[in-house]
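Asks: Next come a sequence and a model predicted from it.
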Amino acid sequence: MIEYSFSPTGEKFPLPASEDYKNEFERLKELVNHQRALGREIVVVMGLGFVGAVMAAVVADVTDEEGNPTKFVIGMQRPSVRSHWKIPLLNKGISPVSAEDPEVALVIDRCVKKKETLTATYTYDTLKLADVVIVDVQCDYLKESLGNVQNGRAEMEALEESLEIIAQNIDPKTLVLIETTVAPGTTEQVAYPIMKKVFKRRSIDSDPVLAHSFERVMPGKNYVASIRDFWRVCSGVNEEATRRVEKFLKEVINTEKYPLTVLDRPIESETTKIVENSFRATILAFMDEWSLFAERNGVDLIKVINAIKVRPTHANILFPGPGIGGYCLPKDGGLGLWAYRHIHGFEDDIFKITPLAIDINDTRALHVAQLTRDALRNMGRPIASADILVLGASYREDVGDTRYSGSELIVRRLTEMGAELRVHDPYVLHWWEFEKQDEYPASSHSLRSFFRGQEKLKDLRIEQDLKKALVDTDAVIFAVRHKHYLDLDPDEVMKSAGGPIAVIDCFGILDDEKIRRYFELGCEVKGLGRGHVKRIKDQVRDRKEQLLLEISMKDEKSESRLSAEQLEVLNGGWKLKPED
Ligand SMILES: NC(=O)c1ccc[n+]([C@@H]2O[C@H](COP(=O)([O-])OP(=O)(O)OC[C@H]3O[C@@H](n4cnc5c(N)ncnc54)[C@H](O)[C@@H]3O)[C@@H](O)[C@H]2O)c1
């Protein structure tokens, strides 16, 4: 029976049959012979995910001073039902990752169709043809409970399997560059022994030429530049590996403008990645308690942060949205804790801040459900059976990546509380974390197991039409700072909804003027870290009372003698009741 792999747009691609492999390898050999004759280095990128697909194109785009390509790149991807579609799509010159950065599509199209320096394949035999192998497969961290990163483990199987396969196939002189974020110690204490053992079986005496250089890619507006025009760190397992990785990176990355840091050992490069992401996770987590402080004491945390940012020494202070998602920040610190015990064999508990930060970030979104419940309760509507619209599914603004987004937790908790959820996101076509929640991000990784009543979320579909999504909704949650949401007019929102709604601002999206207008329209507003909304509500109520008094004191209530504000109140606007 033929198995198929479906792209996110629904295109159907058959998985290769066993007889296809021979022909595919012949195709690649022919291509490589031709490319070698042109003097090009052959680079295989293993894993065509968010990192590998774009890194492959960046390398394929490299030219010498005369503008001639110097590399030929073969993207190698496992032909699994879930991922095989990436291969035929890339071979058509189409990016397998959706991106805000228009350069992603352009560079892939250019390298596949015009320069002919990029192809993709499913056969591991391609490794036999490589001068350089770049490893961009995933290395996950599996959390066994919600809000306790200590209760989990690194999932290194895909990486270990890849290294074994690489060692079985490559020429011993091939540079193997691990870009995957790994538990510190992995390159020297996991990857090197795996490769050395396989080399021994193949009667190869030399050491693998193995190095580590992590990615700092940010899938967003500057996706391509965040790979090519960005600072890199690297290190090899020996002098030869360090020399080779340095040479390679200087050829493909803009190291003149963004200098390369070469460290003594791979564990230092690996630790750099984990520490820089743990640092960011920590400064975000630290704001969670101040966010609650602000909500309970009439403080607008957004204004506080802006006031602090004026000091150049504190310019990187950040407002945490409804949870800290993305693939990296929720897991990288976990890889560090795990390595300390399971790679290096220590028993004591030195990590306090790193796990606490991840735990706080992993559960911050639950508070959004509480705010929604409270806002609806103030309007006399029970959360159970309320229709709630979440604006934004991705983990950050203006990208289509939903991995570990705060919005997922919001949807799960509110569903558990009985609400009916709908979602709008202009960048996301399918929210696989729900549609395929039994198998995505992996069968053991779905957050569904931490909540009850999640079955129906398989039917959750992303609504692309915002106006349609708003019809008859009871509450709107501004969850992501997508540019589409920043200027939404309260009057328009309420008109589309068909009446007053609860509005929850998770990311400082609403300015005071909009908050005021929502209150005037009879809506209820709450926000993460936005304690001042109560003050605005009081002001609106006082103003309404004053206007009603003014109207009652007028001898003649002819419309021509009333101000616009008085008229609005007289005509049933400003639905806010005086007793609110
Ligand atoms: N996504 C980001 O923003 C980002 C940023 C910096 C660093 N990183 C790191 O880069 C690494 C890769 O991340 P990603 O986002 O690209 O992951 P991803 O899951 O999108 O991609 C990994 C790809 O590797 C493939 N793969 C797995 N095993 C394979 C094998 N044996 N042979 C061939 N292909 C195989 C998978 O099918 C998948 O397509 C991770 O370590 C991640 O932490 C990611």
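Replies: That came through, no problem.
Asks: Which stretches in the stretch 301-450 of the chain count as helices?
Replies: 301-309, 329-342, 353-363, 366-378, 406-416, 432-435 (DSSP state H, counting those that start in this stretch).
Asks: contacting residues around Gly220?
Replies: The neighbourhood of Gly220, defined by C-beta atoms under 8 Å, 6 or more residues apart in numbering, consists of Ala99, Glu100, Asp101, Ser226, Arg396, Glu397, Asp398, Val399. Every C-beta, even on glycine, is put in place using the N, C-alpha and C of the backbone.
Asks: Where does pLDDT dip in the stretch 451-580 of the chain?
Replies: Counting by pLDDT under 70, the low-confidence segments of the stretch 451-580 of the chain come to 555-560, 572-580.
Asks: An error on my part: the question was meant for the chain.
Replies: 443, 555-560, 572-580.
Asks: Could you pick out the residues of it near the ligand for me?
Replies: For the chain, the residues found near the ligand under the criterion C-beta under 6 Å from any ligand atom are 46-52, 76-78, 83, 136-139, 158, 161-162, 180-181, 215, 217, 219, 327-328.
Asks: Quick check: strands, which of those residues are part of them?
Replies: The members of the residues of the chain next to the ligand that map onto strands under DSSP state E are Met46, Met76.
Asks: what sits against Asn277?
Replies: When contacts are counted by C-beta under 8 Å, 6+ apart, Asn277 is found next to Thr181, Cys328, Leu329, Asp332, Gly333.
Asks: By neighbours, which of those residues wins?
Replies: When neighbours are counted as other C-beta atoms under 10 Å, the busiest of the contacts of Asn277 turns out to be Gly333, with 28 neighbours.
Asks: In contact with whichever residue of the chain sits closest to the ligand, which residues are there?
Replies: Using C-beta to the nearest ligand atom, the single residue of the chain nearest to the ligand is Gly49, 1.8 Å away. Under the criterion of C-beta under 8 Å, 6+ apart, the contact partners of Gly49 comprise Ser83, Val97, Asp136, Val137, Gln138.
Asks: how does it look with 7 Å?
Replies: Asp136, Gln138 (C-beta atoms under 7 Å, 6 or more residues apart in numbering).
Asks: next one: Gly298
Replies: The neighbours of Gly298, taking C-beta under 7 Å, 6+ apart as the test, are Gly531, His532, Lys534, Arg535.
Asks: Buried among the residues you listed? Make that a PyMOL selection.
Replies: To isolate the buried ones among the contacts of Gly298 in PyMOL, judged by 16 or more other C-beta atoms under 10 Å, type:
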select buried, resi 531+532
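Asks: For Val149, state which of the contacts of Gly298 is nearest.
Replies: Gly531 (29.2 Å; C-beta to C-beta).
Asks: Verify the stated contact: that closest one with Phe293.
Replies: No. With contacts defined as C-beta atoms under 7 Å, Gly531 does not count as touching Phe293, sitting 8.1 Å away.
Asks: Redo the contacts of Asn277 as TSV? Include distance to Thr174.
Replies: Putting the contacts of Asn277 into TSV (distance: C-beta to C-beta, whole Å) gives the following:
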residue	distance to Thr174
Thr181	22
Cys328	28
Leu329	32
Asp332	28
Gly333	32
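Asks: Run a quick neighbour tally on Tyr223.
Replies: Neighbour count of Tyr223, defined by other C-beta under 10 Å: 23.
Asks: brain fart, Lys436
Replies: Lys436 sits with 14 neighbouring residues when counted by other C-beta under 10 Å.
Asks: cool, Leu263 as well?
Replies: Leu263 is surrounded by 18 other residues when neighbours are defined as other C-beta under 10 Å.
Asks: before we move on, what about the one 3 residues further on?
Replies: Using other C-beta under 10 Å, Pro266 is surrounded by 29 other residues.
Asks: leaving aside the residues next to it on the chain, what's closest to it?
Replies: Computed as C-beta to C-beta, 6 or more residues apart in numbering, the closest residue to Pro266 that is not its neighbour in sequence is Thr187, at 3.7 Å.
Asks: Run a quick neighbour tally on the one you found.
Replies: Other residues lying near Thr187 total 25 when counted by other C-beta under 10 Å.
Asks: do the same with Met379
Replies: 16.
Asks: again with Lys537
Replies: Applying the criterion other C-beta under 10 Å, we find 19 residues in the vicinity of Lys537.
Asks: Distance-wise, check the residue sitting nearest the centre point of the chain relative to Lys467.
Replies: Taking C-alpha atoms, centre = their mean as the criterion, Gly326 is the residue nearest the geometric centre of the chain, at 3.0 Å. In this structure, Gly326 lies at 29 Å from Lys467, with C-beta to C-beta, to the nearest Å as the measure.
Asks: Repeat that for Pro69.
Replies: According to C-beta to C-beta, Pro69 and Lys467 sit 47 Å apart.
Asks: okay, the contacts of Gly220 in TSV with neighbour count next?
Replies: Below are those laid out as TSV (neighbours: other C-beta atoms under 10 Å):
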residue	neighbour count
Ala99	22
Glu100	17
Asp101	21
Ser226	17
Arg396	20
Glu397	20
Asp398	18
Val399	25
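Asks: Next SSE downstream of the helix or strand that contains Ala105?
Replies: Taking DSSP states H and E as the definition, Ala105 sits inside helix 102-109. Using DSSP H and E, the next helix or strand after helix 102-109 towards the C-terminus is strand 118-121.
Asks: tell me which strands and helices that next one is in contact with?
Replies: Strand 118-121 is packed against helix 20-37, helix 52-60, strand 71-76, helix 86-91, with contacts defined by 3 or more C-beta pairs under 7 Å, 6 or more residues apart in numbering; DSSP states H and E.
Asks: can you put the ones you listed in CSV and add mean neighbour count?
Replies: Formatted as CSV, the entries for the helices and strands packed on strand 118-121 read as follows, by neighbours: other C-beta under 10 Å:
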stretch, mean neighbour count
helix 20-37, 14
helix 52-60, 27
strand 71-76, 28
helix 86-91, 21
